[in-house]
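**Student:** fold the following, please.
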Amino acid sequence: EPLVAALGRVPIDSVDAFSNSAARIRTLISTAPIPVDLASAITAAYRRPGAGCAVAVRSSATAEDLPTASFAGMQESDLNLSGTDAVLDAVRRCWASLWTDRAVSYRARNRIPHTTVQLAVVVRRHVPGEKSGVLFTADMATGDRGVCSIEATYGLGEALVSGRVNPDTYPI
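**Tutor:** Numbers count the residues shown, from 1 in each chain. This next block holds a predicted model:
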């Protein structure tokens, strides 16, 4: 917590200070053991009869989808994982991704206090997508809430949200 509080006092134009503090926080999270009760619950759910299939480990932060900031694709997600060790490692990577340089600087630029943001991790069965899309509840260019916009592509949504593909766009 002291590192997070200190990060909130770093001037926005101090890129090195942001990067160093964020890296220290990521290291602390990445090297800390997952609490035993939580690791046991994740492991038990993964090994439940009918489970044990490939999963997607996705992050969801409280600062996502704000009226003035989206954070889409900002935190880590891992797809098509198998095995409890891989799942637990991905959970830890998701937690740490709240503190990547790009997430920290995006929060700073949008004046979102670092101490107010929390992150949850969702583990779901991985379903390979033939087509994927994202629905925006406002026009991306104008912010008009009377127009929704769908961006879609073939394959997994990860390529879409990471910007690796140019999607088809459908205003509605």
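
**Student:** look up phi and psi at V117.
**Tutor:** phi -90, psi 130 (degrees, to the nearest 10).

**Student:** swap that for I150, please
**Tutor:** phi -110, psi 130.

**Student:** that one reaches I172, doesn't it?
**Tutor:** Yes - using CB atoms under 8 Å, I150 is in contact with I172, at 6.6 Å. Glycine gets a C-beta too; all of them are placed from N, C-alpha and C.

**Student:** which of these two has more neighbours?
**Tutor:** I150 (14 against 9; other CB atoms under 10 Å).

**Student:** next, work out how far apart that one and V121 are.
**Tutor:** Between I150 and V121 the distance is 26 Å, computed by CB to CB, to the nearest Å.

**Student:** mind checking the SS state of the closest residue to V104 other than its chain neighbours?
**Tutor:** Closest residue in space to V104, ignoring its immediate chain neighbours: A22 at 4.6 Å, by CB to CB, 6 or more residues apart in numbering. With DSSP: H, G, I helix; E, B strand; the rest coil as the basis, A22 sits in helix.

**Student:** ok, now V134?
**Tutor:** Three-state call for V134 (three-state DSSP): strand.

**Student:** tell me the bridge partners for it.
**Tutor:** V134 forms beta bridges with E151, as assigned by DSSP bridges.

**Student:** for it, the count of nearby residues, please.
**Tutor:** 16.

**Student:** quick check: it touching T153?
**Tutor:** No - V134 is beyond contact range of T153, at 9.5 Å (criterion: CB under 8 Å).

**Student:** where along the protein do the strands fall?
**Tutor:** Counting by DSSP state E, the chain has strands at residues 55-61, 77-81, 119-125, 131-136, 149-154, 168-171.

**Student:** do you know which of those strands lies nearest I42?
**Tutor:** strand 119-125 (6.6 Å; CB to CB).

**Student:** low-confidence ranges in the chain?
**Tutor:** Applying pLDDT under 70 to the chain flags residues 1-16, 49-52, 63-73.
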